[in-house]
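In: below are the sequence and a predicted model; questions follow.
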Amino acid sequence: MLTETAGPAGLEAAPPQVLTLREHTVEIVSDSGEGAQRCGQIFGAVSAKMGNGVWTVEIIPAEIQPPPRIPEGASGYRVRVGAGPVTNWGDATNLALAFNEQVLLARHRLNALADDAILLIEDKWATHDDADIRAAWDAAMVELSTKHYRIIPVPMEAECLLLVDNPRKGKNMFALGMLARIYGRDTDRIKDQIAFTFRKKSEAVYASNVALFERGFAWAEHHVDVRIDVPIQPATGPQVVMNGNEAIALGAIASGMELCAMYPITPATSVSHLLSEVFEKFGGIVHQAEDEIAAAGVAIGASYSGKCAFTVTSGPGLALKTEFLGAAIMTEIPLVLVDVQRGGPSTGLPTKVEQSDLLAALFASPGDAPHVVIAPATIEECFHVMITARRIAETFRMVVMVLTDANLATGVTPFARPVPQLGWQSDPLDLSPVPEGTKAYQWDPQTGLSRRIVPGQLHGMHTLTTLSHDEGSKVAYSSGVHQRSSAARSRKLAALSSTLTPPAVYGDASGDLLVVGWGSTKGAIEEAVDRLRAEGRKVSALHLRFLSPMEPGLTAIFARFAKVVTVELNYSDEVGDPFVTEENRRRGQLAFLLRAQTLVDVDCWTRVPGEPLRPGAIVEAIKNRMPKGGAA
Amino acid sequence: MTITCGVLPVLEPEDQEHSYEMSDYEGARARWCPGCGDHSILTAVQRLLAAEQLPPEKTMFVSGIGCSSRFPHYLKTYGFHGIHGRALPVATGIKLNRPDLEIFVVMGDGDCTSIGAGHWIHALRYNLDIVVMLLDNGIYGLTKNQTSPTTPQGHPSNTQPHGSWLPSLNPLTTALGVTNASFVAQTAEWIPSHLYATLRAARRHKGLSFVRILQRCPVYSSAVYMKAVQDPNRIAMLRHDDGVVVPELDKVYKNVMSHDLHDLDAARRIAANLDRVHLGVLYANETNPRYEDLRRVAPRTAEERLHLLETELDRYAV
């Protein structure tokens, strides 16, 4: 480890060394409430606007209001910046900026930092009046010395105090200035972004933040000898940059839906934050219900009586909504339910990513309850999936569940700006009279589809019932009715399935091993496959969006590979664990489904680390699972 | 003709002079037990719909699960026979989306005061302009004789064979305790004229009208209201010019109590007083805010929405 002492202010350092790199991952980490996340957000947004590929991840403390200077309190933001598109958070941080050494230790202990990472640390703790703090600093330096980090102490607070009385507020802008200098960020764009960030505050707040930013920029100019140049590749078409929850909210608006009923739950809630701000000007409302059950009920009531409505939730909320999901499926009321997955079961890991709700989503309701489950793989797809979901829900009179996760929800990346189309929106509500004798469910014998009748339509009166019922919504008193109605509801899924095309294989169409994934892991899996293929391994990837109905053609695709392995962010047993055999092994949730669907002996590699999968970890796992005799 | 109703453009059928008869509201033949109080309530409701000339296609009954929740099937209006305890959220979604519809919610005591009690509290607070009927027979009938929150203490059932352990829940004091509750009344199915007049007052009230209807179950809880049925002196009629006024009942029900239905404190005192069974409107206040009014938004055309979305996307433009 090298410890450098920055020269006193005013003394010029040696000319900086400029590293031109395809990508670099930077993170800023602080105690909760010190503004590291805001700094990271601005850095990420400006990097994207300048034309870099970007993927961001929030670093969220384990406690709501943790005491200062403890590793568990680490709060921050990680930004992977690339010369081309960035599809995932990568493996490790190359440059970290920390407000104290304890939060940095948390990152070190999680192996979040690359072995040769550059670490910029607030240095006031080294000479603090409190002997315990000085001792903690020294101990941390010893622990950090086990890696080849390059540590650069920074007198952040001392510098900020020259401008403001309370450096706790504003230190993040000083940090932003340093990062802007090191990475050559466009200062005008940053000032615009600062203005946007503080748009609800006074001019004085903006001016103070800009002054701190400029001081940080100047300090790095003179005292930090590293410059990182990740070449910019401006996108060919217009781009937008947002997180997955914002994309869900805007996609819902684009789909023409007009009511979102929800109950606050992490990490789904921020969908409703954006909608609450803008939905009304689109003619829509967000209803915050008294509980998760009521949120489902209100959405169902609204959908039943008009345009398709939606509800957003996370795991525990999904559990509460299941009875109403069954009700909507039984009465064939269109409904879109977004489940932003987090770690489970139960309260689990509220702020952390996981893909453990797949089976719960598919088998959400007791009884036979066919419905659609779709999982967007990217933040861009979070936008478009809402349009698809709304259309399927209304066309098929079905419940459509959209599974995203905390990684998509809070990650920020640029993507092609959607071009909204009128055809994305539902038709205006038709309240014209229906022919006398029209039944509530005139099931088409081929497709199971039937026309939806809405209250207000003359001659359409009927009572929907969650009891088993016939075409006229009359309660079923014979077993034949239940068989027939169950078939009609199930047939809709088969009909939908017939409209899907087989998914495209990433890489060669045949080979030694096929990695199958779903949801937010697409970027990390495909990056891992690229690395493996670069080493000459015959590995390809397949990513599924439709989980119910399952995408067609899988058996034929699997047959072209010697081995098929799912990579998922959920729990599975490993053969060799105590008592675990091939027969009783609990597998990853997608693997479970694929085995049932295709009768192929699908293996899995799954983890629940409470963070997105790292491409490097997938590479290692796949190497261990390569079939014997496969090319290396 | 196109009129704008809340968030949705509503296409009206050709204007027509149509007079609805009670028979226009008759659905399937009611399958409740002989002697069940629900029959009387169904008749009162059909009479009310005809008297108020509510178009069947713009009238909606939402229920949960239980004997009384079969109600919508026996009417020829739109109906939603949903799941246990959850009628109110569904009704909330419908009314928010379609304030043009006339919504009646039918719940039993299990639905309203037990499994759906949370929704009951919050629906009273939302104060949507809907009629909420609690058909309270003090027992679970459909599932065959289990104790409900309103089962009188000591009354035996299959789940509490030595008698209900706890004092029964008082739906009136509960409802009157909820902030923004705007209409609370009590009536009894064995006094059809009072039942009808109460439901009419509820339907005409602007806001959520909560009506507890004392309803006999001849099979499992015939004893619950027996004394009040047999002895009119057990009943006190609340009287106010704006409330329920049925003069012909004065000959039978001699305990007439003058009550200002705008006086919430008095309403709460009456509700808590169990010496007599009080029938009539306990509280009414049309100045309370109604959620569907607070949440009304200007409708947008698809083209307007498209244009606004472009502006919104500009905020995220790179």
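Out: Happy to help now that I have it.
In: every contact and neighbour count from this point should use C-alpha atoms.
Out: Fine.
In: just for the stretch 101-250 of chain B, where's the confidence low?
Out: Along the stretch 101-250 of chain B, the model assigns pLDDT under 70 to no residue.
In: what's whichever helix in chain B runs longest packed up against?
Out: If you go by DSSP state H, chain B has its longest helix at helix B:37-51. Other helices and strands packing on helix B:37-51, by 3 or more C-alpha pairs under 8 Å, 6 or more residues apart in numbering or on different chains; DSSP states H and E, are helix B:192-204.
In: residue of the stretch 401-550 of chain A with the smallest distance to chain B?
Out: Chain B sits closest to A:T463 of the stretch 401-550 of chain A, with a gap of 3.9 Å, by C-alpha to the nearest C-alpha.
In: now the helices: where do they sit in chain B?
Out: For chain B, the helices defined by DSSP H cover B:37-51, B:87-97, B:109-110, B:117-126, B:171-176, B:192-204, B:226-230, B:264-272, B:291-294, B:302-314.
In: among those, which is the most enclosed?
Out: helix B:87-97 (a mean of 29; mean count of other C-alpha atoms under 10 Å in any protein chain shown).
In: so how many other residues sit close to the residue of the stretch 401-550 of chain A closest to chain B?
Out: Under the neighbour criterion other C-alpha atoms under 10 Å in any protein chain shown, A:T463 is assigned a count of 29.
In: what pairs with it across the strands?
Out: Per DSSP bridges, the residues bridged to A:T463 are B:G79.
In: contacting residues for it?
Out: Neighbouring residues of A:T463 by C-alpha atoms under 8 Å, 6 or more residues apart in numbering or on different chains: A:473, B:72-73, B:77-81.
In: now the buried members of those.
Out: In the contacts of A:T463, burial by neighbour count holds for A:473, B:72-73, B:77-81, counting by 16 or more other C-alpha atoms under 10 Å in any protein chain shown.
In: out of those residues, which comes closest to B:P55?
Out: The closest of the buried ones among the contacts of A:T463 to B:P55 turns out to be B:T77 (C-alpha to C-alpha; 8.4 Å).
In: which ones are touching that closest one?
Out: Contact partners of B:T77, counting by C-alpha under 8 Å, 6+ apart, are A:461-463, B:25, B:27, B:56-61.
In: rerun at 6 Å
Out: Under the criterion of C-alpha atoms under 6 Å, 6 or more residues apart in numbering or on different chains, the contact list for B:T77 reads A:461, B:56-57, B:59-60.
In: could you do B:M237 as well?
Out: Per C-alpha under 6 Å, 6+ apart, neighbours of B:M237: B:256-257, B:278-279.
In: show me what it bridges to in the sheet.
Out: Here B:M237, judged by DSSP bridges, has bridge partners B:V256, B:L279.
In: circling back to that earlier point, distance to B:Q186 added to the helices of chain B, as a markdown table?
Out: Output for the helices of chain B, formatted as a markdown table (distance: least, C-alpha to C-alpha, whole Å):
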| stretch | distance to B:Q186 |
| --- | --- |
| helix B:37-51 | 13 |
| helix B:87-97 | 19 |
| helix B:109-110 | 14 |
| helix B:117-126 | 15 |
| helix B:171-176 | 8 |
| helix B:192-204 | 8 |
| helix B:226-230 | 14 |
| helix B:264-272 | 9 |
| helix B:291-294 | 24 |
| helix B:302-314 | 46 |
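In: nearest to A:V224, of the ones you listed?
Out: Smallest distance to A:V224 across the helices of chain B (C-alpha to C-alpha): 36.0 Å, for helix B:302-314.
In: how about residues contacting that closest one?
Out: A:F282.
In: do that again at 7 Å, thanks
Out: A:282, A:420, A:422, A:425 (C-alpha atoms under 7 Å, 6 or more residues apart in numbering or on different chains).
In: circling back to that earlier point, looking at the helices of chain B, which is nearest to A:M550?
Out: Relative to A:M550, the nearest member of the helices of chain B by C-alpha to C-alpha is helix B:87-97, separated by 31.1 Å.
In: does the closest one reach chain A?
Out: Yes - using C-alpha under 7 Å from any C-alpha of the partner chain, helix B:87-97 reaches chain A at B:89-94, B:97.
In: of these, which pair is most distant in space?
Out: Across those, the longest distance by C-alpha to C-alpha is 12.3 Å; it joins B:P89 and B:N97.
In: surely A:F324 meets A:A294?
Out: No - under the criterion of C-alpha atoms under 7 Å, A:F324 makes no contact with A:A294, lying 9.0 Å away.
In: turn the residues of helix B:87-97 next to chain A into TSV, including pLDDT and distance to B:V246.
Out: Output for these, formatted as TSV (pLDDT from 0 to 100; distance: C-alpha to C-alpha, whole Å):
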residue	pLDDT	distance to B:V246
B:P89	98	34
B:V90	98	34
B:A91	98	31
B:T92	98	32
B:G93	98	35
B:I94	98	33
B:N97	95	36
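In: can you list the residues of the stretch 101-250 of chain B near chain A?
Out: Applying C-alpha under 7 Å from any C-alpha, we find that the stretch 101-250 of chain B lies next to chain A at B:H122.
In: strands along the stretch 101-250 of chain B, start to end?
Out: Secondary structure of the stretch 101-250 of chain B, counting by DSSP state E, counting those that start in this stretch: strands at B:102-108, B:131-136, B:183-188, B:209-214, B:235-239.
In: check the stretch 201-350 of chain A too.
Out: Under DSSP E, counting those that start in this stretch, the stretch 201-350 of chain A gives strands at A:226-229, A:239-243, A:259-262, A:285-288, A:310-313, A:335-341.
In: among these, which comes closest to chain B?
Out: Closest approach to chain B among the strands of the stretch 201-350 of chain A is made by strand A:239-243 (4.2 Å; C-alpha to the nearest C-alpha).
In: smallest gap between the stretch 151-300 of chain B and chain A, at which residue?
Out: B:P299 (4.7 Å).
In: what number of residues lie near that residue?
Out: The number of residues packed near B:P299 is 20, by other C-alpha under 10 Å.
In: returning to what we had before: I'd like the strands of the stretch 201-350 of chain A laid out as TSV, including mean pLDDT.
Out: As requested, those are exported to TSV (pLDDT from 0 to 100):
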stretch	mean pLDDT
strand A:226-229	96
strand A:239-243	94
strand A:259-262	98
strand A:285-288	98
strand A:310-313	98
strand A:335-341	98
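In: so A:V567: helix, strand or coil?
Out: strand (DSSP: H, G, I helix; E, B strand; the rest coil).
In: gap between the residue nearest to the spatial centre of chain A and A:R417?
Out: The centroid of chain A falls nearest to A:L408 when counting by C-alpha atoms, centre = their mean (1.2 Å). Distance of A:L408 to A:R417, computed by C-alpha to C-alpha, to the nearest Å: 17 Å.
In: repeat for B:A298
Out: Distance from B:A298 to A:R417, counting by C-alpha to C-alpha: 27 Å.
In: do the same with A:Q341
Out: 25 Å.
In: more neighbours: which of these two?
Out: A:Q341 (31 against 18).
In: my read: the more buried one touches A:L408, true?
Out: No - A:Q341 lies out of contact with A:L408 (C-alpha under 7 Å); the separation is 9.6 Å.
In: get me the contact residues on the stretch 201-350 of chain A for chain B.
Out: Residues of the stretch 201-350 of chain A lying near chain B by C-alpha under 7 Å from any C-alpha: A:239-242, A:280, A:282-283, A:290, A:294, A:297-302, A:305-306, A:327.
In: narrow these to those in helices?
Out: A:294, A:297-302, A:305, A:327.
In: redo the residues you listed as JSON lines? Include pLDDT and neighbour count.
Out: Listed next are those as JSON lines, based on pLDDT from 0 to 100; neighbours: other C-alpha atoms under 10 Å in any protein chain shown:
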{"residue": "A:A294", "pLDDT": "98", "neighbour count": "29"}
{"residue": "A:G297", "pLDDT": "98", "neighbour count": "32"}
{"residue": "A:V298", "pLDDT": "98", "neighbour count": "34"}
{"residue": "A:A299", "pLDDT": "98", "neighbour count": "33"}
{"residue": "A:I300", "pLDDT": "98", "neighbour count": "32"}
{"residue": "A:G301", "pLDDT": "98", "neighbour count": "30"}
{"residue": "A:A302", "pLDDT": "98", "neighbour count": "31"}
{"residue": "A:S305", "pLDDT": "97", "neighbour count": "24"}
{"residue": "A:A327", "pLDDT": "98", "neighbour count": "22"}
